[in-house]
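[1] Here is my input, please return the structure:
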Amino acid sequence: MTRKLAKVLIIDDDPDSCETTSTYLEKSGHATRCVPNGHEALAALSAELPDAIILDIRMPVMDGVELLEVLKSYLRWSTVPVALFTAYAEDPRLKRATEIGVSRVFHKSKTKLSELLAWVEANATRPHPGADEPPAHDFKL
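    Purely as a prediction, here's the structure:
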(Lines give C-alpha, C1' and ligand atoms only; values in the text may rest on other atoms or scores of the structure.)
Protein backbone atom coordinates (compact mmCIF):
# COMPACT_ATOMS: atom_id res chain seq x y z
CA MET A 1 0.00 0.00 0.00
CA THR A 2 1.34 3.41 -0.97
CA ARG A 3 1.38 6.00 1.76
CA LYS A 4 -0.10 9.40 0.92
CA LEU A 5 2.34 12.21 1.44
CA ALA A 6 0.72 15.23 3.03
CA LYS A 7 0.98 18.96 2.51
CA VAL A 8 1.22 20.41 6.01
CA LEU A 9 0.89 24.07 6.93
CA ILE A 10 2.75 24.87 10.15
CA ILE A 11 1.70 28.13 11.81
CA ASP A 12 4.06 29.09 14.61
CA ASP A 13 5.86 32.31 15.53
CA ASP A 14 8.80 30.39 17.04
CA PRO A 15 11.20 29.88 14.12
CA ASP A 16 13.12 27.10 15.89
CA SER A 17 9.97 25.11 16.62
CA CYS A 18 8.73 25.62 13.08
CA GLU A 19 12.04 24.54 11.56
CA THR A 20 12.38 21.47 13.79
CA THR A 21 8.81 20.31 13.07
CA SER A 22 9.12 21.03 9.36
CA THR A 23 12.43 19.20 9.03
CA TYR A 24 11.09 16.15 10.85
CA LEU A 25 7.97 15.94 8.68
CA GLU A 26 9.94 16.52 5.47
CA LYS A 27 12.35 13.70 6.34
CA SER A 28 9.27 11.47 6.37
CA GLY A 29 8.38 12.66 2.87
CA HIS A 30 5.74 15.26 3.66
CA ALA A 31 5.75 18.76 2.19
CA THR A 32 5.61 21.62 4.68
CA ARG A 33 5.24 25.35 4.71
CA CYS A 34 5.88 27.51 7.79
CA VAL A 35 4.25 30.85 8.47
CA PRO A 36 4.63 32.96 11.65
CA ASN A 37 1.07 34.20 12.24
CA GLY A 38 -2.59 33.95 11.34
CA HIS A 39 -2.54 36.65 8.68
CA GLU A 40 0.20 34.92 6.71
CA ALA A 41 -1.60 31.62 7.23
CA LEU A 42 -4.74 33.00 5.56
CA ALA A 43 -2.68 34.09 2.56
CA ALA A 44 -1.05 30.65 2.37
CA LEU A 45 -4.43 28.92 2.66
CA SER A 46 -5.86 31.06 -0.13
CA ALA A 47 -3.02 29.99 -2.39
CA GLU A 48 -3.07 26.25 -1.60
CA LEU A 49 -5.22 23.97 0.54
CA PRO A 50 -3.08 21.85 2.88
CA ASP A 51 -3.94 18.33 3.99
CA ALA A 52 -3.31 19.21 7.65
CA ILE A 53 -2.52 22.23 9.81
CA ILE A 54 -0.27 22.38 12.86
CA LEU A 55 -1.12 25.52 14.80
CA ASP A 56 0.46 27.37 17.70
CA ILE A 57 -2.02 29.02 20.06
CA ARG A 58 -0.04 32.12 21.12
CA MET A 59 1.15 34.25 18.22
CA PRO A 60 1.30 37.95 17.43
CA VAL A 61 -1.10 39.61 14.98
CA MET A 62 -3.75 36.84 15.11
CA ASP A 63 -3.57 34.06 17.70
CA GLY A 64 -4.37 30.41 17.02
CA VAL A 65 -7.94 30.54 18.34
CA GLU A 66 -8.81 33.60 16.24
CA LEU A 67 -7.39 31.86 13.18
CA LEU A 68 -9.24 28.65 13.99
CA GLU A 69 -12.53 30.59 14.16
CA VAL A 70 -11.88 31.94 10.65
CA LEU A 71 -10.91 28.50 9.32
CA LYS A 72 -14.06 26.86 10.66
CA SER A 73 -16.26 29.57 9.12
CA TYR A 74 -15.29 28.70 5.52
CA LEU A 75 -16.34 25.42 3.89
CA ARG A 76 -13.09 25.24 1.93
CA TRP A 77 -11.04 25.23 5.13
CA SER A 78 -13.47 23.92 7.73
CA THR A 79 -12.64 20.23 7.43
CA VAL A 80 -8.87 20.50 7.16
CA PRO A 81 -7.63 18.71 10.28
CA VAL A 82 -5.99 21.08 12.78
CA ALA A 83 -3.73 20.12 15.66
CA LEU A 84 -2.56 22.61 18.24
CA PHE A 85 1.13 22.37 19.06
CA THR A 86 1.66 24.64 22.02
CA ALA A 87 4.08 25.33 24.84
CA TYR A 88 1.25 26.50 27.10
CA ALA A 89 -0.51 23.54 28.70
CA GLU A 90 -2.60 25.79 30.97
CA ASP A 91 -3.77 28.34 28.39
CA PRO A 92 -7.50 29.08 28.88
CA ARG A 93 -7.89 29.32 25.09
CA LEU A 94 -7.29 25.57 24.77
CA LYS A 95 -10.88 24.87 25.86
CA ARG A 96 -12.24 27.28 23.23
CA ALA A 97 -10.03 25.74 20.54
CA THR A 98 -11.40 22.30 21.38
CA GLU A 99 -14.97 23.62 21.21
CA ILE A 100 -14.33 25.17 17.79
CA GLY A 101 -13.00 21.94 16.38
CA VAL A 102 -9.28 21.40 16.85
CA SER A 103 -8.77 17.67 16.51
CA ARG A 104 -5.82 17.25 18.87
CA VAL A 105 -3.70 19.25 21.31
CA PHE A 106 0.00 18.49 21.56
CA HIS A 107 2.21 20.08 24.22
CA LYS A 108 5.68 20.91 22.93
CA SER A 109 7.44 19.87 26.14
CA LYS A 110 5.65 16.50 26.37
CA THR A 111 5.21 15.42 22.75
CA LYS A 112 7.64 13.45 20.63
CA LEU A 113 7.74 14.55 17.01
CA SER A 114 6.93 10.96 16.07
CA GLU A 115 3.50 11.46 17.73
CA LEU A 116 2.90 14.57 15.64
CA LEU A 117 3.96 12.66 12.52
CA ALA A 118 1.53 9.85 13.38
CA TRP A 119 -1.27 12.41 13.75
CA VAL A 120 -0.44 13.94 10.34
CA GLU A 121 -0.38 10.54 8.67
CA ALA A 122 -3.65 9.44 10.31
CA ASN A 123 -5.55 12.66 9.61
CA ALA A 124 -4.18 14.07 6.36
CA THR A 125 -5.67 11.30 4.23
CA ARG A 126 -9.26 12.48 4.60
CA PRO A 127 -10.88 14.21 1.63
CA HIS A 128 -11.89 17.81 2.25
CA PRO A 129 -15.40 18.89 1.22
CA GLY A 130 -15.21 22.19 -0.60
CA ALA A 131 -11.67 21.52 -1.81
CA ASP A 132 -12.79 22.15 -5.39
CA GLU A 133 -14.18 25.57 -4.53
CA PRO A 134 -12.13 28.57 -5.62
CA PRO A 135 -9.92 30.08 -2.90
CA ALA A 136 -11.75 32.33 -0.48
CA HIS A 137 -10.45 35.87 -0.75
CA ASP A 138 -13.21 37.63 1.14
CA PHE A 139 -12.20 36.77 4.69
CA LYS A 140 -12.32 39.65 7.16
CA LEU A 141 -9.27 40.38 9.26
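[2] Where does the prediction get shaky in the protein?
    1-4, 125-141 (pLDDT under 70).
[3] just the strands in it please.
    7-11, 31-35, 52-55, 82-86, 104-107 (DSSP state E).
[4] Which of those strands sits closest to Lys95?
    strand 104-107 (10.1 Å; C-beta to C-beta). C-betas here are computed from N, CA, C, even on glycine.
[5] picking up where we left off before, which one of the strands of the chain is the most hemmed in?
    Ranked by mean neighbour count, the strands of the chain are led by strand 52-55 with a mean of 26 (mean count of other C-beta atoms under 10 Å).
[6] what pairs with the spatially most central residue of the chain across the strands?
    Taking C-alpha atoms, centre = their mean, the centroid of the chain lies closest to Ile53, which sits 1.9 Å from it. When bridges are called by DSSP bridges, Ile53 pairs up with Leu9, Val82.
[7] Need the strands of the chain in TSV (columns: distance to Arg93).
    As requested, the strands of the chain are arranged in TSV below (distance: least, C-beta to C-beta, whole Å):
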stretch	distance to Arg93
strand 7-11	15
strand 31-35	19
strand 52-55	11
strand 82-86	9
strand 104-107	11
